[in-house]
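Engineer: Need a 3D model of the sequence below.
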Amino acid sequence: MASDATQKAILKLILSLPSPILRAMSGGGVVYKGGRTLDPRFQFFAHAAKKLPPMSSLTPAEAVAGSARGLAAVQGPLEPGVRTESLSVEGPNGPIPCRAYRPEAQDIHAPLIVYAHMGGGVIGDLETCHAFCSILARIVRTAVISVDYRLAPDHKFPAGLEDVLAAYRWARDNTARFGASAAPPAIGGDSMGGNFSAIVAQEMKRKGEPQPSAQILIYPAVDVASETPSMTTFGDAYPLTRETMEWFMGHYMGADADPADPRLSPDRTEDLSGLAPAVIATAGFDPLTDQGEAYAKRLQAAGVPVRYRRYDSLAHAFTAFTGAIPAADAACREIAGLVRETFEASN
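Structural biologist: From the prediction side, this is the model:
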C-alpha cells in the first residue's frame, strides 16, 4: 500500500488536471444546481465519495477516524511564519486542549481570535482547522486560539458549547499573553463552530459581558430545526448531506433538548441588536447556505455591521480543503482579509 505522502502526491497530480478531464473522471458533465456550478475538484471528491459508506452508517468513532484521514489528505500546510503552541485551558469539566497560532508580523492593535472547528458536534479536532487557523493568523496578523471542545455522543449538548465559552472567557482575560490588543477577542468557527460562535456573541449580551470584537461565522448552522429550500436543493451535496446533518443532531442533542433553544438555534433569538460585527461566509453547494445568508440579513436589519460572502462553486467544509482546491484556498484568504477589514473599521 502506498504511503500517505505518496497518496497525497498522486491526489495532487490528479487535481492538477484540466477541468474537462477532471469532470470526465467524475461522472462526466458539469454539476449545475440551484443556479450554481460546482468546482470540478469538489465534483471529483463528491464522485469518489459515492463509493464509500455514508457517514450516517458509521459509528461516531468510525466517523471521527475516517474524517481525520480524509481531511489530512486535502488540508494545506501551516502558513510560513506562523508558529504554534499547545495550551490547556480549565473548563467546566476539566482541562480543554487548545492550540495557539502566532504570526511573525503580529499587529499588537489587532484583537485575539478564538476559533471552534466544524464537525456537527460529533467529529473534528485541532487538526480539522489547522491550516485555516494559520491563514487567519498570518493575514489578520494576530494570534488565534483553536479550541478542542468535547464531542458527542459522550458529551452531548451543551458540553461543547460550554467548553468554547470557557475558552473564550479565558482568552479574554489573557490577551496580553499572546501579544494581542486588550480588546475582547473575536469569536469564530465553521459549521458547528459557527453555531457556537453566534451563540457566544448572544450569550455575552445575555450575561451583560462585553461583546466580542467580531463574530466570524463560516457556513454556520444557526437553526437546527430549519426547513429552508437549500435543505432540499442541496440535501444530497458532498460532503454534508441532510441525512448526515440529522445523524449529527441525533448524537449531539440529548433527549430533552429543544431544537428551538437559542443555545442550539441562535437564529431563533428575537433581538439581534447590539451584537458584534460579523463576517459571514457560506458555500453555494451546502444545505446550510440559506441559514447563513438569512442570519446575515437579520443581523444587518438589527443594525449589526456585516460582511457577507457566498462562494457559489464551493461546498460545505471548504476551509479544510485548502491544499487540494485552489478556489477554497482563495476563499479562506478572502475571509481572513474581511476579518482584518472588520478589525480596522472598529479601531
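Engineer: in this protein, which spans are helices?
Structural biologist: Secondary structure of the chain (DSSP state H): helices at 4-15, 19-25, 40-49, 60-72, 130-140, 159-173, 192-207, 229-233, 242-252, 289-301, 326-346.
Engineer: For Pro259, find the nearest of these.
Structural biologist: Across these, Pro259 has its closest neighbour in helix 242-252 (7.9 Å, C-beta to C-beta). Every C-beta, even on glycine, is put in place using the N, C-alpha and C of the backbone.
Engineer: circling back: for the helices of the chain, give me CSV that also has mean neighbour count and distance to Gly179.
Structural biologist: Shown next, in CSV, are these (neighbours: other C-beta atoms under 10 Å; distance: least, C-beta to C-beta, whole Å):
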stretch, mean neighbour count, distance to Gly179
helix 4-15, 13, 34
helix 19-25, 14, 43
helix 40-49, 21, 37
helix 60-72, 16, 30
helix 130-140, 25, 11
helix 159-173, 22, 13
helix 192-207, 25, 22
helix 229-233, 16, 41
helix 242-252, 19, 35
helix 289-301, 20, 30
helix 326-346, 19, 15
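Engineer: could those helices be laid out in a markdown table, adding distance to Ile216?
Structural biologist: Compiled in a markdown table, these are given as follows (distance: least, C-beta to C-beta, whole Å):
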| stretch | distance to Ile216 |
| --- | --- |
| helix 4-15 | 27 |
| helix 19-25 | 31 |
| helix 40-49 | 22 |
| helix 60-72 | 20 |
| helix 130-140 | 8 |
| helix 159-173 | 13 |
| helix 192-207 | 6 |
| helix 229-233 | 21 |
| helix 242-252 | 21 |
| helix 289-301 | 12 |
| helix 326-346 | 6 |
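Engineer: Let's have these in TSV, adding mean pLDDT.
Structural biologist: Converted to TSV, these look like this (pLDDT from 0 to 100):
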stretch	mean pLDDT
helix 4-15	86
helix 19-25	95
helix 40-49	96
helix 60-72	95
helix 130-140	98
helix 159-173	98
helix 192-207	98
helix 229-233	96
helix 242-252	96
helix 289-301	98
helix 326-346	97
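Engineer: OK, contacts around the residue nearest to Leu87 when sequence neighbours are not counted?
Structural biologist: Leaving aside its chain neighbours, Leu87 sits nearest to Cys98 (4.2 Å; criterion: C-beta to C-beta, 6 or more residues apart in numbering). Residues near Cys98 by C-beta atoms under 8 Å, 6 or more residues apart in numbering: 86-89, 126, 145-148, 167.
Engineer: Can you tell me which of those residues lies closest to Thr319?
Structural biologist: Ser146 (12.0 Å).
Engineer: Surely the closest one touches Phe132?
Structural biologist: No. The criterion here is C-beta atoms under 8 Å, and Ser146 misses it with Phe132 at 9.3 Å.
Engineer: ok so, going back, among the helices of the chain, which is nearest Tyr308?
Structural biologist: Proximity to Tyr308 (C-beta to C-beta) singles out helix 289-301 among the helices of the chain, at 4.2 Å.
Engineer: For Phe42, give its distance to Gly254.
Structural biologist: Counting by C-beta to C-beta, to the nearest Å, the gap from Phe42 to Gly254 is 34 Å.
Engineer: residue contacts, the residue nearest the centre of the chain?
Structural biologist: Against the mean C-alpha coordinate of the chain, by C-alpha atoms, centre = their mean, the closest residue is Asp190 at 1.4 Å. By C-beta under 8 Å, 6+ apart, the contact list for Asp190 reads 117-118, 129, 132, 218-220, 317, 319.
Engineer: now these in TSV, with distance to Phe178?
Structural biologist: Shown next, in TSV, are the contacts of Asp190 (distance: C-beta to C-beta, whole Å):
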residue	distance to Phe178
His117	19
Met118	23
Cys129	18
Phe132	18
Ile218	22
Tyr219	27
Pro220	25
Ala317	27
Thr319	22
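Engineer: Report the contact partners of Pro259.
Structural biologist: Under the criterion of C-beta under 8 Å, 6+ apart, the neighbours of Pro259 are 224-225, 249, 253, 265.
Engineer: what do you get for Leu112?
Structural biologist: 142-145, 171, 175, 178, 180-181, 185-186.
Engineer: between the residues you listed, which is closest to Ala260?
Structural biologist: Taking C-beta to C-beta as the measure, Ala186 is the one of the contacts of Leu112 closest to Ala260, at 27.3 Å.
Engineer: circling back: dump the contacts of Leu112 to JSON lines, plus distance to Asp261.
Structural biologist: What follows is the contacts of Leu112, written out as JSON lines (distance: C-beta to C-beta, whole Å):
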{"residue": "Thr142", "distance to Asp261": "32"}
{"residue": "Ala143", "distance to Asp261": "32"}
{"residue": "Val144", "distance to Asp261": "29"}
{"residue": "Ile145", "distance to Asp261": "26"}
{"residue": "Ala171", "distance to Asp261": "25"}
{"residue": "Thr175", "distance to Asp261": "31"}
{"residue": "Phe178", "distance to Asp261": "33"}
{"residue": "Ala180", "distance to Asp261": "32"}
{"residue": "Ser181", "distance to Asp261": "33"}
{"residue": "Pro185", "distance to Asp261": "25"}
{"residue": "Ala186", "distance to Asp261": "24"}
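Engineer: and the closest residue to Ala237 other than its chain neighbours, how far is that from Lys8?
Structural biologist: Closest residue in space to Ala237, ignoring its immediate chain neighbours: Phe285 at 4.7 Å, by C-beta to C-beta, 6+ apart. Distance, Phe285 to Lys8, by C-beta to C-beta: 24 Å.
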